[in-house]
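A.B. asks: Structure for the following, please:
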Amino acid sequence: MAIEHVTDQNFGQETAEGLVLADFWAPWCGPCKMIAPVLEEIDGEMEDKVQIVKLDVDENQETAGKYGVMSIPTLLLFKDGKVVDQVVGFQPKEALVDLINKHAS
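C.D. replies: Below is the predicted model:
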């Protein structure tokens, strides 16, 4: 399943069911660009466990504000619509895989 770009309008719907990793990012953000290929890899390897969505904070400030996103990249892990974990800044692949596995059941 490909990584989906979401907006303020469909964010709630896209994170409502299952395990969803939401990447809050912006095109000008260096660490966001660094984490993008890591997320692509994880998406390819773990698509049966987690869905990955990306939200551009410049274009979707309402959702970023709702979740108190102050710096990017911020990754929020949702399980059935509720935030169960959060990491801020670039993370190595192993750390993100561990994070996902911790909540996948």
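A.B. asks: Residues in a beta bridge with the most centrally placed residue in the chain, which ones?
C.D. replies: Geometric centre of the chain, nearest residue: A22, 2.0 Å, by CA atoms, centre = their mean. Beta-bridge partners for A22, by DSSP bridges, are V53, L76.
A.B. asks: contacting residues for it?
C.D. replies: When contacts are counted by CB atoms under 8 Å, 6 or more residues apart in numbering, A22 touches 6, 11, 15, 52-55, 75-78. Every residue, glycine included, has its C-beta placed from N, CA and C.
A.B. asks: May I see the ChimeraX selection of the buried members of these?
C.D. replies: ChimeraX command restricting these to the buried ones, with burial defined by 16 or more other CB atoms under 10 Å:
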select :6,11,15,52,53,54,55,75,76,77,78
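A.B. asks: export the contacts of A22 to CSV and tack on pLDDT and distance to V87?
C.D. replies: Below are the contacts of A22 laid out as CSV (pLDDT from 0 to 100; distance: CB to CB, whole Å):
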residue, pLDDT, distance to V87
V6, 98, 18
F11, 98, 18
T15, 97, 16
I52, 98, 14
V53, 98, 15
K54, 98, 15
L55, 98, 15
L75, 98, 5
L76, 98, 9
L77, 98, 8
F78, 98, 13
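A.B. asks: Tell me the one among the contacts of A22 nearest to P92.
C.D. replies: L75 (12.4 Å; CB to CB).
A.B. asks: doesn't D23 make contact with the closest one?
C.D. replies: Yes. Applying CB atoms under 8 Å, one finds L75 in contact with D23, separated by 5.6 Å.
A.B. asks: Mutual contacts of these two, please.
C.D. replies: Shared contacts of L75 and D23, defined by CB under 8 Å, 6+ apart, are found at I35.
A.B. asks: Below-threshold pLDDT in the protein: ranges please.
C.D. replies: 1 (pLDDT under 70).
A.B. asks: That's all I had, so thanks and see you.
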